[in-house]
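Student: the sequence isn't on hand, but the structure is:
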């Protein structure tokens, strides 16, 4: 039996929907080392000058750097600005 995620991906591709529009989907756009836009964000979990952690459903994204700040947040999209050093993913509980 195909997995639910595979079924959603198939439906999304047939309807020409971006992955972040489907449940559990997200997309990242990094502009240089100074701006990151994340679509599919559910919640900001940690918001500090050197660390920001976002819930993307069952995945957490931690952004590390310096002078990080949220320059935009709305409609499931977050834009972080500052000096971005690392991006790391971890599994988390759905929030």
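Tutor: Yes, it's here. Values in this document were obtained by computation on a predicted structure and should not be read as measured data.
Student: what's the weakest-modelled helix or strand in the protein?
Tutor: In the chain, no helix or strand scores lower on mean pLDDT, DSSP states H and E than helix 4-14, which sits at a mean of 59.
Student: next SSE after that one?
Tutor: strand 27-31 (DSSP states H and E).
Student: same for that following strand, what does it pack against?
Tutor: strand 35-39, strand 77-91 (3 or more C-beta pairs under 8 Å, 6 or more residues apart in numbering; DSSP states H and E). Where you see a C-beta, it was placed from the backbone N, CA and C, and this is true even at glycine.
Student: what angle sits between the shortest one and strand 77-91?
Tutor: Orientation check (axes from the mean of the first three to the mean of the last three C-alpha atoms, to 10 degrees): strand 35-39 against strand 77-91 gives 80 degrees.
Student: ok, and what's touching the helix or strand that strand 35-39 is followed by?
Tutor: Downstream of strand 35-39, the first helix or strand assigned by DSSP H and E is strand 43-47. For strand 43-47, contacts defined as C-beta atoms under 8 Å, 6 or more residues apart in numbering pick out 52, 53, 54, 55, 60, 62, 70, 73, 78, 95.
Student: which of those sits closest to residue 84?
Tutor: residue 52 (9.6 Å; C-beta to C-beta).
Student: list the buried ones in the helix or strand harbouring that closest one?
Tutor: In this assignment (DSSP H and E), residue 52 forms part of strand 51-55. The neighbour-count check on strand 51-55 (16 or more other C-beta atoms under 10 Å) flags 52, 53, 54, 55 as buried.
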